[in-house]
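Participant: The following comprises the amino acid sequence and a computationally predicted model.
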Amino acid sequence: MSDTPPEPHNWGRWGDDDQIGAANLLTPDVVKAGAGAVARGRVLSLSLPIKGSTSSNAPCTVPHLRGRPLPQHFMSIDGGDYLAGAKPPAGLSIADDALIVSPHGTTTHMDALCHMWNGSRLYNGHDSARIRSYGALRCGIEQLPGIATRGVFLDVARHRGRDILDPADRITAADLEAMCAAAGVTIGAGDAVVLRTGWTKQFYRSADTYWGGEPGLATDGALWLAERDVVAVAADNSAICGLNAQGGADEDLDGDIHMIFLWRHGIYLMEMLWLEELAEAAPATFQFVVAPLKIVGGTGSPINPLAIL
């Protein structure tokens, strides 16, 4: 077990105190170039819905990983009064919300740089002992204001002539190169790459198949993207990488996709996106905008990514 990552990595690249990683690549020119990718002025949400209640199976109707606590959504109008006893004026009705969400594996979300690490050091060498039960004191999700940049859409399923990839399918560097060449796109520093496998749709066809492994990015594909200085990688599966039938990754630590992106390079990961409307529109590039909730010390956050075409 090593406290320092293998080369290549971004530790120290933006200073010893850096906690935002590849977000440092979002220079004014990069942000403005992302806005320049807007052609039609159409806005698409890339998020799954959050459904939850204590009296229905609503949370189970949205893709999620088994064993994770499902979202819970309570409405005060149903009798759970979250107004602390306040009485509204006569004739006025108020509906209020309380929402409990564990984002990893249960909804569209972004991983913070403190989400996974190896040894005793987080991204950029920060001490992992600063991860406490009350939150992460280094590299928490609140460190990232948000991302506004050019999105590059790579529909892997369509590239392979499929609607949904098979669970054993892996997205290689050769796949990424071929798709970029076909689209006439060169991935550049600060881009956000969005990968469609079609896997979110699989849940609605067969939840058991959805839970029996999933397609995803291969190690050489992850290294290829990291080499191009992307700020984020987003996908419609639950782990960016592929998963085996037991729900685990087959790569060793040096080849683990989360280790390559989060720990070694400070590249953000966004999982469980809904990409079907984006696939219908089929843009090669677009403006990608997303912001996490300011959860102090959070290892991740629910998000609603936007594609502005």
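Facilitator: Done, it's in.

Participant: Do a quick rundown of the helices in the stretch 201-309 of the chain.
Facilitator: Counting by DSSP state H, counting those that start in this stretch, the stretch 201-309 of the chain has helices at residues 207-210, 219-227, 257-258, 276-281.

Participant: Quick one: residues contacting Leu99.
Facilitator: Listed by CB atoms under 8 Å, 6 or more residues apart in numbering, the contact set of Leu99 reads Ile50, Gly52, Pro71, Gln72, His73, Phe74. Glycine gets a C-beta too; all of them are placed from N, C-alpha and C.

Participant: can you rerun that using 7 Å?
Facilitator: Residues in contact with Leu99, defined by CB atoms under 7 Å, 6 or more residues apart in numbering, are His73.

Participant: Name the nearest residue to Ala182, ignoring sequence neighbours.
Facilitator: His159 (7.5 Å; CB to CB, 6 or more residues apart in numbering).

Participant: hmm, back to that, ok, which of the helices of the stretch 201-309 of the chain comes nearest His9?
Facilitator: Minimum separation from His9 across these (CB to CB) falls at helix 219-227, 8.8 Å.

Participant: Please tell me how far the residue nearest to Asp220 when sequence neighbours are not counted sits from Gly34.
Facilitator: For Asp220, ignoring the flanking residues on the chain, the nearest one in space by CB to CB, 6+ apart is Ala173 at 4.4 Å. Going from Ala173 to Gly34 by CB to CB, to the nearest Å gives 24 Å.

Participant: who's more crowded, these two?
Facilitator: The residue with more neighbours, out of Ala173 and Gly34, is Gly34; 24 against 17, by other CB atoms under 10 Å.

Participant: got the contact list for the more buried one?
Facilitator: Going by CB under 7 Å, 6+ apart, Gly34 touches Ala148, Thr149, Arg150, Gln287, Phe288.

Participant: swap in Ser238?
Facilitator: Contact analysis of Ser238 by CB under 7 Å, 6+ apart lists Leu65, Gly105, Glu214, Glu271, Met272.

Participant: how much space between it and Met110?
Facilitator: 13 Å.

Participant: that older thread, list just the nearest of the contacts of Ser238 to Arg42.
Facilitator: Taking CB to CB as the measure, Arg42 sits nearest to Met272 out of the contacts of Ser238, at 22.6 Å.

Participant: Got phi/psi on the nearest residue to that closest one once chain neighbours are set aside?
Facilitator: Computed as CB to CB, 6+ apart, the closest residue to Met272 that is not its neighbour in sequence is Thr108, at 4.9 Å. Here is the backbone geometry of Thr108 (degrees, to the nearest 10): phi -60, psi 130.

Participant: circling back to that earlier point, adding distance to Glu280 and neighbour count as columns, could you present the contacts of Ser238 in JSON lines?
Facilitator: Listed next are the contacts of Ser238 as JSON lines, based on distance: CB to CB, whole Å; neighbours: other CB atoms under 10 Å:
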{"residue": "Leu65", "distance to Glu280": "27", "neighbour count": "17"}
{"residue": "Gly105", "distance to Glu280": "27", "neighbour count": "20"}
{"residue": "Glu214", "distance to Glu280": "22", "neighbour count": "27"}
{"residue": "Glu271", "distance to Glu280": "21", "neighbour count": "24"}
{"residue": "Met272", "distance to Glu280": "19", "neighbour count": "29"}
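
Participant: Most widely separated two among these?
Facilitator: The distance between the two most remote of the contacts of Ser238 (CB to CB) is 11.9 Å, for Gly105 and Glu214.

Participant: Output the contacts of Ser238 in JSON lines; the columns should cover distance to Pro302 and pLDDT.
Facilitator: Output for the contacts of Ser238, formatted as JSON lines (distance: CB to CB, whole Å; pLDDT from 0 to 100):
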{"residue": "Leu65", "distance to Pro302": "15", "pLDDT": "87"}
{"residue": "Gly105", "distance to Pro302": "12", "pLDDT": "86"}
{"residue": "Glu214", "distance to Pro302": "20", "pLDDT": "96"}
{"residue": "Glu271", "distance to Pro302": "11", "pLDDT": "97"}
{"residue": "Met272", "distance to Pro302": "10", "pLDDT": "96"}
